[in-house]
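> Give the three-dimensional model of this entry:
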Amino acid sequence: MRAVPAPVYLVRHGQSEWNVRGLTQGQTKHPALTELGREQASRAAGVIAADLGRAGLVAARLLTSDLVRATETARIVGTRIGLRPEPDPRLREQHLGSLEGRSHEDSWAQAELHDWSDPELPVAGGESVGQVRRRVAAVLDEVDPGAPTVFVSHGDAIRSAIAHLLGQSATDAPWVPVPNGSVARFDGNLSWLETVADEA
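The predicted structure follows:
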């Protein structure tokens, strides 16, 4: 019988300044966490620490997107679980091209015009869903399956990670809500440890 893999934790960054302002972030680097975002990151850190403790496990690595809102979240998580965050640009959010910096309403209106049935079609001159899936999958596939690993990333990137871990295609994967500060665990099965988050 194949051994159950060590848990992988997927953490979405806490609320950012641009979440509050209702602006599309994509790979915009500078938006930082709000006070609520730091609280969400601290809550996520506690959830992961408690889950590892119940299983008698110690996390081996903490990898994070290099965008500010993720690195700030990862520092908070790392302090709690005793790991130094390792930035990896492959864990960034999807590059959303000309939508970045625009209001959510404008972005959603443009998104309705996009052909989502084509996973290789770039969004607004940025990245395609397929491109995001491949770079996130590459990071997941490189880690030791026998060692608990924590990833701090972004909504669309985490959706890609979940689809990859569950073996879903880029076109068949359902849309999954990933609130700020949420924590998903994959150990052969997917479960949500923290999903109650206040998001603007």
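> got the contact list for the nearest residue to residue 40 once chain neighbours are set aside?
Closest residue to residue 40 apart from its sequence neighbours, by CB to CB, 6 or more residues apart in numbering: residue 181 at 2.8 Å. Every residue, glycine included, has its C-beta placed from N, CA and C. Applying CB atoms under 8 Å, 6 or more residues apart in numbering to residue 181 gives the contacts 11-15, 37, 40-41, 43-44, 73, 194, 197.
> any idea which of these is the one closest to residue 147?
residue 11 (16.9 Å; CB to CB).
> and the residue nearest to the closest one when sequence neighbours are not counted, helix, strand or coil?
Distances taken as CB to CB, 6+ apart place residue 152 nearest to residue 11, at 4.7 Å, with adjacent residues excluded. Counting by DSSP: H, G, I helix; E, B strand; the rest coil, the backbone at residue 152 sits in strand.
> Count the residues that sit near residue 152.
33 (other CB atoms under 10 Å).
> Then the one 4 residues further on?
As a burial measure, the neighbour count of residue 156 was computed by other CB under 10 Å and equals 22.
> any idea of the pLDDT on it?
pLDDT, residue 156: 96.
> any idea how far it is from residue 39?
23 Å (CB to CB, to the nearest Å).
> which stretches of this protein form helices?
17-21, 35-55, 68-81, 104-111, 129-142, 155-165 (DSSP state H).
> Please tabulate the ones you listed in TSV, including the columns distance to residue 177.
Output for those, formatted as TSV (distance: least, CB to CB, whole Å):
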stretch	distance to residue 177
helix 17-21	14
helix 35-55	15
helix 68-81	18
helix 104-111	15
helix 129-142	17
helix 155-165	8
